[in-house]
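*Asks:* Below: sequence and its predicted model.
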Amino acid sequence: MTKVKFLVLSLLITAVTMNAQVKNNFINEPQADFENRMQWFTDAGYGMFIHFGLYSQLGGVWKGDSIDGYSEWIQSKADIASQEYAMLTHTFNPVDFDAEFIVKTAKAAGMKYLVITTKHHEGFCLWDSKYTNFDVASTPFKRDILAELSASCKKHGIRFGTYYSIIDWHHPSQERNIDGNDGWGWWAEIRMKTGRKQEYITYMKNQIKELIDNYDTDILWFDGDWVHWWNNEVGTDLYNYIRGLKPEIIINNRVAKRSNFTKDFGTPEQVHLDEAVNYEWEACYTINGSWGYKIADTNWKQPQEIYDKLKDINAKGGNLLLNIGPDGNGNIPEESVRVLLEAGGMLNKK
Ligand code: GLC
């Protein structure tokens with residue numbers, strides 16, 4: 001090849017790859033396109049969060065001891081080894097789980113969308129995933145919870161969203177804190193083993209593709225971005241990958257570092273903003289004190305408080321994502337149903 005030919009060829013290759021990069025740079029989409037994509041979400045204002053997993057069976061109790069903190073953190077707080085924790089798959093059998101009831105309750109409460117923990121930090125998957133056996137298909141229950149829930153959502157006109165944890169206490173690429181208990185237990189700052197990160201990112205991408213292809217999720221809601229091995233570079237790569245699969249999807253800011261990443265929306269937790277800001281946001285709150293089902297926690301927020309919060313949040317341009325935690329049988333605690341419906345009644349009246 002002559003020098004000139006070589007130069008032309010390499011210029012061509014550079015142009016083609018640059019073009020591919022630009023096409024996949026969804027972060028810098030024009031403001032009008034962004035607003036269009038976000039429209040249903042900003043109009044929605046109010047959604048239901050659902051924390052459900054193996055931990056729901058424990059209700060915050062490990063070997064007779066009530067463990068403090070959020071119940072879905074029990075593996076970290078009580079420092080339960082992965083193998084022992086995995087035994088919970090043998091008893092996972094939420095026979096009362098009723099997607100229709102959940103979705104109808106959300107609708108009657110005035111909620112327009114729902115986000116469920118498809119894989120919380122524990123790593124257990126609520127759907128039948130090709131990429132792991134640590135999933136609902138390997139339990140006595142066997143039924144695919146996401147399939148049931150996404151079908152009910154479609155039927156009742158409720159948007160369907162999926163929470164997916166970046167950290168994974170079960171995946172072999174990661175290992176328990178070596179620096180000890182940091183207040184969030186022994187697993188919060190879980191380490192990525194040397195040389196295993198790429199394999200784990202591939203696992204994440206494969207699973208996220210399942211959530212999009214098989215359950216047509218409308219929102220990808222990440223969490224666990226605080227570990228030092230997760231940064232804005234991998235986060236934006238993941239963001240672009242997901243938008244490449246489903247351009248109209250909405251992704252929360254914890255896909256990258258929540259402290260300085262605001263797309264597609266910010267996620268204040270158990271607090272909300274005092275005034276409108278120049279980015280979209282959604283405040284998430286527990287209805288009692290825990291996200292996952294916790295037997296000892298009966299500190300229910302009352303309908304008036306929910307109503308006031310929602311109005312305040314909406315007035316400042318945010319959404320409210322209010323959580324419920326079904327128990328190990330799949331039942332939503334009666335008190336939370338009552339509070340949701342009464343607050344919904346107040347919304348209808350005013
Ligand atoms: C916190 C908790 C987590 C929960 C999340 C919801 O990050 O650690 O368990 O899922 O809040 O925003």
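*Replies:* Thanks, I have the structure now.
*Asks:* Give me the neighbour count for the closest residue to residue 61 other than its chain neighbours.
*Replies:* Closest residue to residue 61 apart from its sequence neighbours, by CB to CB, 6 or more residues apart in numbering: residue 295 at 6.4 Å. All C-beta atoms are positioned from the backbone trio N, CA, C, and that covers glycine. Residue 295: 14 surrounding residues under other CB atoms under 10 Å.
*Asks:* Can you tell me how far residue 295 is from residue 58?
*Replies:* For residue 295, the distance to residue 58 equals 9 Å [CB to CB, to the nearest Å].
*Asks:* before we move on, what about residue 263?
*Replies:* With distances taken as CB to CB, residue 263 is found 35 Å from residue 58.
*Asks:* So between those two, which is more surrounded?
*Replies:* Using other CB under 10 Å, the more surrounded residue of residue 263 and residue 58 is residue 58, with 24 against 21.
*Asks:* Show me which residues of the stretch 101-250 of the chain are close to the ligand?
*Replies:* Within the stretch 101-250 of the chain, the positions adjacent to the ligand are residue 223 by CB under 6 Å from any ligand atom.
*Asks:* Quick check, the residue in the stretch 101-250 of the chain closest to the ligand?
*Replies:* Using CB to the nearest ligand atom, the single residue of the stretch 101-250 of the chain nearest to the ligand is residue 223, 5.2 Å away.
*Asks:* list the buried ones in stretch 225-240?
*Replies:* Buried positions in stretch 225-240, judged by neighbour count with 16 or more other CB atoms under 10 Å: 225, 229, 230, 234, 235, 236, 238, 239, 240.
*Asks:* I'd like those laid out as a markdown table, including pLDDT and secondary structure.
*Replies:* Listed next are those as a markdown table, based on pLDDT from 0 to 100; DSSP: H, G, I helix; E, B strand; the rest coil:
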| residue | pLDDT | secondary structure |
| --- | --- | --- |
| 225 | 98 | coil |
| 229 | 97 | coil |
| 230 | 98 | coil |
| 234 | 97 | helix |
| 235 | 98 | helix |
| 236 | 97 | helix |
| 238 | 98 | helix |
| 239 | 98 | helix |
| 240 | 97 | helix |
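*Asks:* Secondary structure element for the most centrally placed residue in the chain, which one?
*Replies:* In the chain, the C-alpha nearest the mean C-alpha coordinate belongs to residue 163, at 1.6 Å (CA atoms, centre = their mean). Using DSSP states H and E, residue 163 maps to strand 159-165.
*Asks:* name the helices or strands packed onto that strand?
*Replies:* helix 31-44, strand 46-50, strand 113-119, helix 145-156, helix 197-215, strand 219-223 (3 or more CB pairs under 8 Å, 6 or more residues apart in numbering; DSSP states H and E).
*Asks:* where in the chain is pLDDT low?
*Replies:* 1-24, 350 (pLDDT under 70).
*Asks:* my guess is residue 151 meets residue 99, correct?
*Replies:* Yes - between residue 151 and residue 99 there is a contact at 7.2 Å, judged by CB atoms under 8 Å.
*Asks:* In terms of neighbours, single out the busier of the two.
*Replies:* Higher neighbour count among residue 151 and residue 99: residue 99, with 22 against 17, using other CB under 10 Å.
*Asks:* Could you check how far that one is from residue 267?
*Replies:* In terms of CB to CB, residue 99 sits 25 Å off from residue 267.
*Asks:* Repeat that for residue 43.
*Replies:* Where residue 267 is concerned, residue 43 sits at a distance of 19 Å (CB to CB).
*Asks:* List the residues that contact residue 222.
*Replies:* Residue 222 makes contacts with 163, 164, 165, 166, 251, 252, 254, 255, as judged by CB atoms under 8 Å, 6 or more residues apart in numbering.
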